[in-house]
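Q: Below are the sequence and a predicted model for it; my questions follow.
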Amino acid sequence: MSVIREVPFPSREHADPALSIWLDDTDSHVDVIDALALSPFATGLQPWSREASLERVRADAPLRPAEGRVVRTAVVEDGMEARLVCGEGWTLRVVRHRNRTATLSVSAISEELARTVLKESVDGAEEPAPLDDHVEMGFWWCGSHGGNRSEKPITAQPWEQIRGNYTERVRGGLDDLMKTAPGDVNGRLLLLHGPPGTGKTTLLRTLARQWHDWCQVDCVLDPERLFNDPGYLMEVAVGYDSHEDEKQRWRLLVLEDCDELISAAAKSKAGQGLSRLLNLTDGLLGQGRDVLVAITTNEDLARLHPAVVRPGRCLAQLEVGPLTQEEAVAWLGGPAGIGASGATLAELYALRNGRPVTPAAPGDSTGLYL
């Protein structure tokens, strides 16, 4: 049975209105810390609030000012830890996760104090992002409270180093794509289609590196939900720019393996998903927003919905296929295991590592993921 409990703040500086919340057996100790952290802000005792999200948090980072006092700690078996830290005129909530991310929320009696406490808590807490072979990529997913975005460093090689992984027939188009600048954008949709294991994901990682100076690349982990949830779609369309002090960059939203969304039967199978995709690329929703959409698919171009591939809508339509027999032999340095039809990039890596390769059956969409 649910009951109303008054949540007393651990260190009240003077009398203030009580905060009452619902507590029942579904609530956890972490929920209590959340309530205690909200109490001084909700009652007006500490009316200023600031929040920060961190990546690659150091294991020894205290995530609090030196003079702060830890008054509550809750540890969950999945590796999450929540702490409530109090100081003179401020309250700090810290949540750390096993994946080395953390969220800090501070409330204080003044804006300047809230800013100072948060700055002292986060300074030096993150390890520097890997350089050279990494690029920052955003990842979107929809949770119980709407859209969430996390930024992670991913490995990404320069185009010159991986150019030989792709058949000569498509290299020219890929060269042009890698050299694209904002002034060259004449379509908002990028289609990469071809069999599994041909390197479409690798291309997108390298594209994020090549376009880094002018375009932020974000991968949407749940594209089927994105186009079926207008609120989530609006949140992603408005976007997030981590470069607050710079001019806002273009954004490229990556949607992987979205065959059903753009197939010829998409309108009947996916409902409003196709219409909303088209609206994001060149409809009212996309107006005034520098947003590109990249879609990877295993479908042949001829089997895609005609509205998707019509002239003027696509920045590029590229078929990423296997290397020819001659190209595959040159890549591997010998003919061992390569048939007359050539080989995919995934098959070549398997052969190079001494693993046998079994050709996929016709229509089989499984394979090594590159």
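A: Thanks, I have the structure now. Residues are numbered from 1 along each chain as shown.
Q: For C314, name its beta-bridge partners.
A: Taking DSSP bridges as the rule, C314 bridges to L189.
Q: And S150, by the same measure?
A: Beta-bridge partners of S150, as defined by DSSP bridges: F139.
Q: I'd assumed A102 was in contact with it.
A: No - contact criterion Cβ atoms under 8 Å: S150 and A102 do not qualify, at 11.5 Å. Quick note: C-beta positions are derived from backbone N, CA and C, even for glycine.
Q: More neighbours: which of those two?
A: A102 (22 against 14; other Cβ atoms under 10 Å).
Q: Give me the mean pLDDT for the helix or strand hosting L233.
A: Under the criterion of DSSP states H and E, L233 resides in helix 230-238. If you average the pLDDT over helix 230-238, you get 85.
Q: Pull up the overlap in contacts between S150 and A102.
A: S53 (Cβ atoms under 8 Å, 6 or more residues apart in numbering).
Q: measure the nearest residue to E120 once chain neighbours are set aside to W140 for me?
A: Nearest residue to E120, sequence neighbours excluded (Cβ to Cβ, 6 or more residues apart in numbering): P65, at 4.3 Å. Distance of P65 to W140, computed by Cβ to Cβ, to the nearest Å: 32 Å.
Q: now do S53
A: With distances taken as Cβ to Cβ, S53 is found 14 Å from W140.
Q: Who has more neighbours out of those two?
A: W140 (22 against 15).
Q: M234 versus that one, what's the distance?
A: For W140 relative to M234 (Cβ to Cβ), the value is 12 Å.
Q: and if you look at L318?
A: For L318, the distance to M234 equals 30 Å [Cβ to Cβ].
Q: So those two - more neighbours on which side?
A: A side-by-side neighbour count of L318 and M234, using other Cβ under 10 Å, places L318 first with 20 against 12.
Q: is it true that that one touches D176?
A: No - applying Cβ under 8 Å, one finds L318 not in contact with D176, separated by 9.7 Å.
Q: mind listing the helices for the stretch 151-300 of the chain?
A: With DSSP state H, counting those that start in this stretch as the criterion, the stretch 151-300 of the chain has helices at 159-162, 168-178, 200-210, 223-226, 230-238, 259-262, 266-269, 273-282.
Q: which residues touch the first one?
A: For helix 159-162, the surrounding residues in contact (Cβ under 8 Å, 6+ apart) are L174, D175, M178, G199, T202, L203, T206, Q210.
Q: redo that, cut-off 6 Å
A: Helix 159-162 has contacts (Cβ atoms under 6 Å, 6 or more residues apart in numbering) with M178, T206, Q210.
Q: which intervals of the stretch 101-250 of the chain have sub-threshold pLDDT?
A: Filtered on pLDDT under 70, the stretch 101-250 of the chain yields the residue ranges 129-132, 239-247.
Q: Quickly note the distance from S49 to L104.
A: 11 Å.
Q: just L221 next, same as before
A: 24 Å.
Q: Equivalent analysis for S110, please.
A: Taking Cβ to Cβ, one finds S110 at 18 Å from L104.
Q: returning to that earlier point: V329 is nearest to which of the helices of the stretch 151-300 of the chain?
A: Closest approach to V329 among the helices of the stretch 151-300 of the chain is made by helix 168-178 (13.8 Å; Cβ to Cβ).
Q: Would you mark the buried spots in that closest one?
A: Of all the residues in helix 168-178, those buried under the rule 16 or more other Cβ atoms under 10 Å are V170, L174, L177, M178.
Q: Pull the residues that contact that helix.
A: Residues contacting helix 168-178 (Cβ under 6 Å, 6+ apart): W159, Q210, A316, L318.
Q: Please repeat the previous calculation with a cut-off of 10 Å.
A: 158-160, 162-167, 184, 190, 192, 194, 198, 203, 206-207, 209-211, 315-321, 323-324, 326-327 (Cβ atoms under 10 Å, 6 or more residues apart in numbering).
Q: Same question for stretch 338-357.
A: 162, 165-167, 194-200, 202, 320-329, 331-334, 336-337, 358-360, 367-370.
Q: helices and strands around the helix holding L233, which ones?
A: Helices and strands touching helix 230-238, as assessed by 3 or more Cβ pairs under 10 Å, 6 or more residues apart in numbering; DSSP states H and E, comprise strand 134-143, strand 146-155, strand 215-220, helix 223-226, strand 250-255, helix 273-282, strand 291-297.
Q: Could you tell me the angle between the third one and strand 134-143?
A: In terms of direction (axes from the mean of the first three to the mean of the last three Cα atoms, to 10 degrees), strand 215-220 departs from strand 134-143 by 40 degrees.
Q: now do the same end-to-end measure for stretch 193-202.
A: 13 Å (Cα to Cα, to the nearest Å).
Q: middle-most residue in the chain, spatially?
A: F139 (0.6 Å; Cα atoms, centre = their mean).
Q: Residue ranges of each domain in this structure, please.
A: 3-122, 134-319 (automatic domain parsing).
Q: For G87, give me its contacts.
A: S11, R64, P65, A66, E67, G68, R69, V106, A108, L113, V117, E120.
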